[in-house]
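Visitor: structure for this input, please:
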Amino acid sequence: MNPLFRLAGRIRPSARTLMGEPPPGPDSQGAARPSAATQAVAVFLLLLTASRFWYAGTHELVQDEAYYWQWARHLDWGYYDNTPLVALVIRACITLLGSNPVGVRAGAILSALVAAAFIYLLARRLLGVPV
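Guide: Residues are numbered from 1 along each chain as shown. Presented below is the predicted three-dimensional model:
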């Protein structure tokens, strides 16, 4: 038996550990309803993201952010110390939100939101309890 399976069995002895728990039962509309913990995490992440956008709009760019902004203004296939994806993300955000500190930082803020959501989902799946 694979040692990882034995370790997973010690953490959570359920036979469904590796496959994840079944979704909660359907509500009156037939759609699965997220748990209270999931709703609380979603609200927390949205508030955290809103505070990050507020901060992005009230503080000036630091040296690295201004450097990356220059990359977005002058796109190229590669840069001395980074890949072109940073410049492409910033260019997309400043195209949508304007050429301002919020536009420059929006890609990083949204990436942090997505990463935090996936970390929560991974923890919930591995631990099997509301995290």
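Visitor: which strand or helix spans the most centrally placed residue in the chain?
Guide: For the chain, the residue nearest the mean C-alpha position is residue 114 (1.7 Å; Cα atoms, centre = their mean). Here residue 114, judged by DSSP states H and E, is contained in helix 101-127.
Visitor: list the helices and strands that helix packs on?
Guide: helix 36-58, helix 63-73, helix 85-97 (3 or more Cβ pairs under 8 Å, 6 or more residues apart in numbering; DSSP states H and E). (C-beta placed from N, C-alpha, C; glycine too.)
Visitor: give the buried residues for the first one.
Guide: Pointing back at helix 36-58 there. Neighbour counts over helix 36-58 (16 or more other Cβ atoms under 10 Å) mark 38, 41, 45, 52, 53, 56 as buried.
Visitor: tabulate the residues you listed in a markdown table, adding columns for pLDDT and distance to residue 126.
Guide: Formatted as a markdown table, these follow (pLDDT from 0 to 100; distance: Cβ to Cβ, whole Å):
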| residue | pLDDT | distance to residue 126 |
| --- | --- | --- |
| 38 | 88 | 15 |
| 41 | 93 | 15 |
| 45 | 97 | 19 |
| 52 | 97 | 27 |
| 53 | 97 | 30 |
| 56 | 96 | 32 |
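Visitor: now those residues in TSV, with distance to residue 105?
Guide: Listed next are these as TSV, based on distance: Cβ to Cβ, whole Å:
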residue	distance to residue 105
38	27
41	23
45	17
52	8
53	8
56	4
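Visitor: and those residues, which is closest to residue 69?
Guide: Minimum distance to residue 69 across the buried residues of helix 36-58 is 12.7 Å, recorded for residue 56 (Cβ to Cβ).
Visitor: lowest-confidence helix or strand of this structure?
Guide: helix 3-11 (a mean of 52; mean pLDDT, DSSP states H and E).
Visitor: understood, closing this out.
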